[in-house]
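>>> build the 3D model from these lines:
(one chain, ligands or ions: 2)
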Amino acid sequence: AIEAVIFDLDGVLADTAHFHFLAWRELAQTQGIDFDETFNECLKGVDRMASLELILRQSSRNYTHEEKQVLANKKNQHYQQLTATMTPADLLPGAREALEAVRSAGLKTGLASVSKNAFFILERLEIRDCFDDVVDAALLTHTKPHPEIFLTAANHLGIDPSACIGVEDSLAGITSIKAAGMFALGIGSANVLTDADLVIPDLRHFLLNDYAVN
Ligand code: G6P
Ligand code: MG
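Numbers count the residues shown, from 1 in each chain. Ligands and ions are numbered 1, 2, ... in the order given. Modelled structure (predicted):
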């Protein structure tokens, strides 16, 4: 039986995936690098420096470590500007109801985001208290698609991974969930999230009883 649901943040609970996209696209453009929504799919769920590496790989130029730090900081400043004024009204439709449904069913809730801005966003959205555990991205060694983050969340919750559902909007995230041995619930399009166990368009379609089969 399912005993915990572990949520991704960006693109699942809030539309911050779009802000990451805008900030990366502007940065890529300053470097003369093409950037579109299709390429952006590969960056979702991937941490800041690894995302930057994927973008800069499109350039013929070589970047020093210092230059990369400057670019990563610029992107983050832009992202922080875009998210600074978020409020609970920016929760995606169905997000609060899904979190409440998990708690009401007596299951544990976890948050697994590799974003170092996750705690700030949770404060803006006023949902920190909805989680029994929030993994601190600063303490991770690997980004998604490695399973470390979902395994860490399950471990903190004291639940076997096989009794967890992971909820994700990214390709890297679904791979991470499956590698952790969990049920992968995709948010978005089944054409994109091909490895998910089930895909729903958004959390308004979250029906715990469909997944928490005993
Ligand atoms: C999430 C997002 C990614 C983002 C990563 C790091 O996984 O899906 O798009 O690159 O977090 O975010 P950060 O806020 O630490 O730069
Ligand atoms: Mg995401």
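
>>> can you pull out the strands in this structure?
With strands called from DSSP state E, the chain shows them at 4-7, 108-111, 133-134, 164-168, 183-187, 198-200.

>>> give me the residues contacting the first one.
Strand 4-7 is contacted from outside by 13, 98-99, 102, 107-112, 132, 150, 153-154, 157, 159, 163-167, 182, 208, using Cβ atoms under 8 Å, 6 or more residues apart in numbering. Backbone N, C-alpha and C define where each C-beta goes, glycine included.

>>> how about the strands of the chain in TSV, adding mean pLDDT, distance to ligand 2 and mean neighbour count?
TSV is the format used below for the strands of the chain (pLDDT from 0 to 100; distance: least, Cβ to the ion, whole Å; neighbours: other Cβ atoms under 10 Å):
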stretch	mean pLDDT	distance to ligand 2	mean neighbour count
strand 4-7	98	9	28
strand 108-111	98	11	23
strand 133-134	98	15	20
strand 164-168	98	6	27
strand 183-187	98	8	24
strand 198-200	98	14	17
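
>>> and Phe120, which of those is closest to it?
Comparing the strands of the chain against Phe120 with Cβ to Cβ, the closest turns out to be strand 133-134 (11.7 Å).

>>> what pairs with that closest one, parallel or antiparallel?
The strands that strand 133-134 pairs with in its sheet are strand 108-111 (parallel) (by DSSP bridges).

>>> which of the contacts of strand 4-7 are close to ligand 1?
The subset of these lying close to ligand 1, counting by Cβ under 6 Å from any ligand atom, is empty.

>>> biggest helix in this structure, by residue count?
helix 65-83 (DSSP state H).

>>> surely Ala163 is in contact with Ile2?
Yes: Ala163 lies in contact with Ile2 (Cβ atoms under 8 Å); the separation is 5.8 Å.

>>> what is the least confident helix or strand in the protein?
Lowest on mean pLDDT, DSSP states H and E among the helices and strands of the chain sits helix 208-211, with a mean of 89.

>>> who's in contact with it?
Helix 208-211 is contacted from outside by Ile2, Val5, Ala101, Val102, Ala105, Leu107, Ile165, Phe183, Leu185, Leu198, using Cβ under 8 Å, 6+ apart.

>>> if anything else comes up later, I'll come back, but that's it for now.
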